[in-house]
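Colleague: Structure for this input, please:
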Amino acid sequence: MKKLKNIPTLKDDDGFKVIMSYFDPKEYSKKNFVDFYIHGLSDDTYELKMPLPPHRQTNHSIILVTKGSIVAGAGFDQFTVGQNMIIVVPAGQITSLSFMSDDIEGFYLHFSDDYLSRNKIDLSDWLIRPVIKFDDADSEHLIMLLKRMQKLNENEANADIIKLYLSTFIAEMEQLSDFRLRINFPAHDRLTMEFKRLLNYHITKDKSVSFYASELNVTPNHLNKSVKFTLGRSASALIDEMLILEAKVLMQKNNLSIGEIAFEIGIDDVSYFGRFFKKHTGFTPTEYRKVIDLSE
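Modeller: Below you'll find the predicted structure:
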């Protein structure tokens with residue numbers, strides 16, 4: 001996968017652990033932690049620092065909720081994931097976690113691109129609609145697969161067996177009726193998905209709708225209409241949202257000045273960046289940093 005910069009990334013074996021206020025070293029120090037990991041959302045072996053701010057993840061992640069709810073970010077949007085729901089965030093996407101209920105139950109797992117490389121797993125269809133629902137009948141089977149993977153992961157020698165279970169789990173997810181309804185994306189959905197993918201790689205360099213339309217071999221008008229039909233916002237609005245998201249993440253790095261943050265996201269005029277940021281957030285960059293400090 002092409003390396004993405006600017007957005008702070010949870011990297012390698014210590015990346016996931018920095019979001020925890022407590023974790024069991026024995027449980028979270030396995031050699032295969034980067035390539036594959038699974039834990040129960042109600043396990044007492046860890047405690048997350050909440051809220052978990054936006055970051056770009058290097059691995060694919062899946063959260064299945066059986067009780068309670070979470071509010072998770074995937075790209076631009078926030079999703080409430082409740083009982084009998086799954087959220088999938090492909091590698092390279094910006095994600096966050098702003099809420100987790102006290103009664104939460106379910107599973108979190110992540111895995112690398114290389115882990116299932118032979119199976120050619122493609123999670124790109126989750127870019128537009130990352131959340132699906134399942135019924136009680138499906139729940140029992142999905143949970144059985146997850147519990148089996150969690151048990152097998154106690155021994156790192158079981159990696160090959162875990163890969164078979166993981167492939168089966170992903171295949172089962174994609175057989176759920178809520179997922180099957182969207183297999184054949186209409187053209188406007190597919191175009192929107194490709195536009196969102198391009199934004200991840202080019203947002204700090206190119207901010208014009210015409211650039212992305214050219215990359216997608218369509219007219220700017222057609223791109224705007226497709227995105228608005230799919231998401232209810234224009235292509236230019238999504239470009240602005242992506243820039244704000246990039247800026248918000250960089251605001252967490254105290255060693256960067258406001259001017260440096262503006263430069264990182266491709267805006268040379270600091271005054272314009274300040275006006276742009278306030279227009280979309282209601283805060284000046286300095287005010288926003290103070291809000292972050294107060295919430296920590």
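Colleague: how is the chain carved up into domains?
Modeller: 9-180, 187-295 (automatic domain parsing).
Colleague: Columns mean neighbour count on top of these, output as CSV?
Modeller: For the C-beta atoms, the positions are set from N, CA and C on the backbone; glycine is no exception. Formatted as CSV, the domains of the chain follow (neighbours: other CB atoms under 10 Å):
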stretch, mean neighbour count
domain 9-180, 17
domain 187-295, 16
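Colleague: secondary structure class for Tyr37?
Modeller: At Tyr37 the chain is in strand, as set by DSSP: H, G, I helix; E, B strand; the rest coil.
Colleague: Contacts only, for the residue lying closest to it once chain neighbours are set aside.
Modeller: Of all residues not flanking Tyr37 in the chain, His110 sits nearest, at 5.6 Å (CB to CB, 6 or more residues apart in numbering). Neighbouring residues of His110 by CB atoms under 8 Å, 6 or more residues apart in numbering: Phe16, Phe36, Tyr37, Gln57, Asn59, His60, Ser61, Ile62.
Colleague: quick one, helices of the stretch 1-150 of the chain?
Modeller: 12-15, 136-152 (DSSP state H, counting those that start in this stretch).
Colleague: Go through these and find the least confident stretch.
Modeller: Least confidently modelled of these is helix 12-15, at a mean of 49 by mean pLDDT.
Colleague: so what's the residue nearest the centre of the chain up against?
Modeller: By CA atoms, centre = their mean, the chain has its centre lying nearest to Thr95, at 3.4 Å. Residues near Thr95 by CB under 8 Å, 6+ apart: Pro54, His55, Arg56, Gln57, Ser61, Ala72, Gly73, Ala74, Val89.
Colleague: wait, the fifth one sits on Tyr108?
Modeller: So the one you mean is Ser61. Yes: the criterion here is CB atoms under 8 Å, and Ser61 meets it with Tyr108 at 7.0 Å.
Colleague: Show residues contacting stretch 125-144.
Modeller: Outside stretch 125-144, the residues that reach it (CB under 8 Å, 6+ apart) are 64, 66, 74-75, 79, 81, 84-90, 93, 107, 169, 172-173, 176-179, 182-183, 185, 189, 192-193, 196-197, 230-231.
Colleague: and Phe273, what are its phi and psi?
Modeller: phi -60, psi -40 (degrees, to the nearest 10).
Colleague: Ranked by average pLDDT, which of the domains of the chain falls at the bottom?
Modeller: domain 9-180 (a mean of 84).
Colleague: Check the offset of it from the chain's centre.
Modeller: Distance of domain 9-180 from the chain centroid (CA atoms, centre = their mean, to the nearest Å) equals 11 Å.
Colleague: Then stretch 206-214?
Modeller: 23 Å.
Colleague: The nearest residue to Lys205 once chain neighbours are set aside is in what secondary structure piece?
Modeller: Excluding its sequence neighbours, the residue lying closest to Lys205 (CB to CB, 6+ apart) is Gly266, at 6.1 Å. Of the helices and strands defined by DSSP states H and E, none includes Gly266.
Colleague: Pretty sure Gly266 sits against Thr204.
Modeller: Yes: if you go by CB under 8 Å, Gly266 and Thr204 touch, sitting 4.3 Å apart.
Colleague: Tell me the spacing between the residue nearest to Lys205 and His188.
Modeller: Gly266 sits 28 Å away from His188, going by CB to CB, to the nearest Å.
Colleague: And for Asp77?
Modeller: Asp77 is 17 Å from His188, by CB to CB.
Colleague: With Glu260 instead?
Modeller: Glu260 is 38 Å from His188, by CB to CB.
Colleague: My guess is Ala72 contacts Gln93. True?
Modeller: No: between Ala72 and Gln93 there is no contact under CB under 8 Å: 11.1 Å.
Colleague: What are the boundaries of the strands in this structure?
Modeller: 9-10, 20-23, 36-40, 46-48, 52-57, 60-67, 70-74, 77-81, 85-89, 94-100, 105-111, 131-133 (DSSP state E).
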